[in-house]
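Enquirer: Predicted coordinates and the sequence they were generated for:
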Amino acid sequence: MNKKNVKFYNRKCKGCGSYLSSDENSPSYVPNFSDKTLYCMRCFRLKHYGEISNNVKNEDLTSTISKIDTNDDLVALILDLFDFDGSIINEYKNKKNIIILINKITVLPKNFNRELAFKSVQNMLSELEINNYLNVILYDAKNKSGIRTIYEELVKLSKRKKIYFVGKTNVGKSSLINALLSLKKKEKLVTISPYKNTTLDLNKIEIDKNLTIIDTPGYPSENFFSIINNETTKNILESKFTIKSFQQKKMNCNQSYIFSGLMSISIIENDNNSSITYYGYDKVSIHRTKFENIDKKILNNTSSLNLLIKPKNIFDYSLDLDKNKKYIIFLSGIGFVVLKRVSKIKIHNILDKKLFISDFSII
């Protein structure tokens, strides 16, 4: 084969799913192609050095995603517990042959009520007008929780149909696939990274003789990680999970909680035994301050971040709550909070969007 006359080889990279290429400008470039070549240079450097190249064109990924045709095939939709509503892909909301897999369940305390959490998740899906799914499974790819359950359910549901794994960027598709491979004592093949656009094309992966899945590129996200640079994203996503609880000792305390300079939740009206508890990444800082001049405080915090955009204004709104209910608020990818005995809050956000809040708390 004359490499000067060819651009792509007839073999896909095991890591990203893109056809291996002799073109140095291609994301899937390999300098020395042979029968033993499994990974493109980009995936090789990601796997071994944690480096990411920036020669991926968003329009190419958008084109690939637009060509995905699941028809009557089975779809495994992976959702992020830290971005519950934001990780939903609208095209699959009403698809019948869909199984929903929700990642990062180990952020919850070990003694959490699984039955209550499962029921709350079902209720929240219904609030988001998702009712036609075949099943919901809560799992965590990091500690392999729920992986065997997912494998057995996929084998049962597949019935010789193709199984497409779909999800938004950084939702954890690749980690789940590698966890399934590990379950069957196979080598981890798919490239895992905290960076967006790791998977570039459809990638057929045989878990074992009973189960073959098709990995897909991540759909674009509109959460906080879509505006945070790679270095900061990596620092947050690779940190441990944490739970941080703050008690309110006074009524109507006017306390604000700023999350890494990205947004804040201000407690305006509350009982003296109220609380706000954060579940998420350890590297997300929480700054507790008085409510006054909260917009300026957020923008001052934001100035120290290497954001891909520079917010000029803060999107803010107020919510009246029932203090006798427990609420969960999802923080666009960086975690979620649970509120107790709180009757009014104000949210300030550098993203121009409202956060999903539900009284079907999983805790």
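Expert: Received it, and whenever you're ready, just let me know what you need.

Enquirer: Helices of the chain, start to end?
Expert: 41-49, 58-66, 114-127, 147-158, 173-183, 230-237, 294-302 (DSSP state H).

Enquirer: could I get the ones you listed as JSON lines with mean pLDDT, mean neighbour count and distance to Gly218?
Expert: Bear in mind the C-beta positions are built from the backbone N, C-alpha and C, glycine included. JSON lines is the format used below for the helices of the chain (pLDDT from 0 to 100; neighbours: other Cβ atoms under 10 Å; distance: least, Cβ to Cβ, whole Å):
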{"stretch": "helix 41-49", "mean pLDDT": "82", "mean neighbour count": "17", "distance to Gly218": "14"}
{"stretch": "helix 58-66", "mean pLDDT": "71", "mean neighbour count": "13", "distance to Gly218": "8"}
{"stretch": "helix 114-127", "mean pLDDT": "94", "mean neighbour count": "15", "distance to Gly218": "21"}
{"stretch": "helix 147-158", "mean pLDDT": "94", "mean neighbour count": "16", "distance to Gly218": "19"}
{"stretch": "helix 173-183", "mean pLDDT": "89", "mean neighbour count": "21", "distance to Gly218": "7"}
{"stretch": "helix 230-237", "mean pLDDT": "87", "mean neighbour count": "17", "distance to Gly218": "13"}
{"stretch": "helix 294-302", "mean pLDDT": "80", "mean neighbour count": "17", "distance to Gly218": "25"}
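
Enquirer: Of all these, which one comes closest to Thr212?
Expert: helix 147-158 (8.4 Å; Cβ to Cβ).

Enquirer: Let me know the angle separating the closest one from helix 173-183.
Expert: 100 degrees (axes from the mean of the first three to the mean of the last three Cα atoms, to 10 degrees).

Enquirer: Which strands or helices does helix 147-158 pack on?
Expert: strand 74-80, strand 98-103, strand 135-138, helix 173-183, strand 211-215 (3 or more Cβ pairs under 8 Å, 6 or more residues apart in numbering; DSSP states H and E).

Enquirer: Residues in contact with that helix: which ones?
Expert: 74, 76, 97, 99, 101, 134-135, 137, 139, 141, 163, 176, 179-180, 182-184, 207, 210-211, 213 (Cβ atoms under 8 Å, 6 or more residues apart in numbering).

Enquirer: Any of the residues you listed buried? List them.
Expert: 74, 76, 97, 99, 101, 134, 137, 139, 141, 163, 176, 179-180, 207, 211, 213 (16 or more other Cβ atoms under 10 Å).
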